[in-house]
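Colleague: Give me a 3D structure for the following:
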Amino acid sequence: MDEKHDQTKKIQINTMDDMSRGRFSNSMMITHSPEEFIIDWLINSPTGTHLTSRVIVTPGHVKRIIAALATNLQKYEQKFGEVKAVPPSEQKFH
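Modeller: Predicted coordinates:
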């Protein structure tokens, strides 16, 4: 077995109950400056679009986030099958 797999680091994360429940988001908006990326996680609902969370990160961290998401999406699809993205025109409430 690979030594890297044997040396998995465990991280203890402490949080308040409301944060540990998470936030649902079905949309996002990204803006950036030379120093930071601002990721607004949104929820589109029949009553409009609402901000559920805002995360501000450095450009270097954005690269790590994208790499981690790509790796995990690949693992997910290997296990559960291809994820089909719904086109924006079909994401409306009826």
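Colleague: show me the contacts for the nearest residue to residue 55 once chain neighbours are set aside.
Modeller: For residue 55, ignoring the flanking residues on the chain, the nearest one in space by CB to CB, 6 or more residues apart in numbering is residue 39 at 4.7 Å. For glycine as for every other residue, the C-beta is placed from the backbone atoms N, C-alpha and C. By CB atoms under 8 Å, 6 or more residues apart in numbering, residue 39 lies in contact with 28, 29, 30, 54, 55, 56, 57.
Colleague: Quick check: the gap between the last one and residue 76.
Modeller: Which is residue 57. For residue 57, the distance to residue 76 (CB to CB, to the nearest Å) stands at 22 Å.
Colleague: out of the two, which sits in the busier spot?
Modeller: Comparing residue 57 with residue 76 by neighbour count (other CB atoms under 10 Å), the higher total belongs to residue 57, at 15 against 12.
Colleague: still on that earlier bit, wait, is the residue nearest to residue 55 part of a strand?
Modeller: Yes: in this structure, residue 39 lies within a strand as judged by DSSP: H, G, I helix; E, B strand; the rest coil.
Colleague: when you give positions from now on, start the count at 40
Modeller: Will do, 40 is the new start, and the previous item becomes residue 78.
Colleague: Report pLDDT for it.
Modeller: Note on residue 78: pLDDT of 98.
Colleague: If it is in a bridge, with which residues?
Modeller: With DSSP bridges applied, the residues forming beta bridges to residue 78 are residue 69, residue 94.
Colleague: what residue is smack in the middle of the chain?
Modeller: Nearest to the mean C-alpha position of the chain, by CA atoms, centre = their mean, lies residue 108 at 7.4 Å.
Colleague: least trustworthy helix or strand in the protein by mean pLDDT?
Modeller: Between all helices and strands in the chain, the lowest mean by mean pLDDT, DSSP states H and E belongs to helix 42-45, at a mean of 54.
Colleague: Now the two most distant members of the contacts of residue 78.
Modeller: Farthest-apart pair in the contacts of residue 78 is 68 and 96; separation 14.4 Å (CB to CB).
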